[in-house]
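Participant: Below is the sequence, then the predicted model.
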Amino acid sequence: MKKVIRTDYQNKYDQNSYSQEVENGPDFSNIDSIDKAVALYEKGVLSKIYMMPLEFGGEDIPANTLYVPEFVQEFKEGFDRMVEKLLEEGKRISLDANPEYKGKSFIPSKLTLEVSGEA
């Protein structure tokens, strides 16, 4: 039996549909380069996450890296803990992380995470 678990993070200004609701979500639409995103990360304004966690075989490379508000990092860590539990139970699963962006922003306005595989 195949089961799909899907969770979404979407900034408040971007419509609705949350797994974690934020009033008047942050607007990073003016962060239009990786250098600007890294600068905000170094200042502690943004957090660094990996779409495929390093613990699950992901790599510390730009294609696997997102810079996001801290609450998204916390959301992603909770999702990753759930995935880790499934793996510890011996479930055969696959992960999918799909960021969406507004305009030229390097900060995702929405992040959809999906696990599929054995129930």
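Facilitator: Looks like it came in fine.

Participant: Buried ones in the one helix or strand Ile49 maps to, by neighbour count?
Facilitator: Ile49 is part of strand 47-50 when elements are defined by DSSP states H and E. Residues of strand 47-50 classed as buried: 47, 49-50 (neighbour count, 16 or more other Cβ atoms under 10 Å). (Glycine included, C-beta is placed from N, CA and C.)

Participant: Which stretches in this structure count as strands?
Facilitator: Read by DSSP state E, the chain holds these strands, from start to end of the chain: 2-10, 47-50, 65-68, 93-100, 110-118.

Participant: Which residues outside the fourth one are in contact with it?
Facilitator: The set of residues external to strand 93-100 that reach it, using Cβ atoms under 8 Å, 6 or more residues apart in numbering, is 51-52, 56, 66, 83, 86-87, 108-118.

Participant: Can you tell me which residue is spatially central in the protein?
Facilitator: Relative to the mean C-alpha position of the chain, the nearest C-alpha, by Cα atoms, centre = their mean, is the one of Leu111, at 4.9 Å.

Participant: That one contacts Phe71, doesn't it?
Facilitator: No: counting by Cβ atoms under 8 Å, Leu111 sits too far from Phe71 to count as a contact (11.4 Å).
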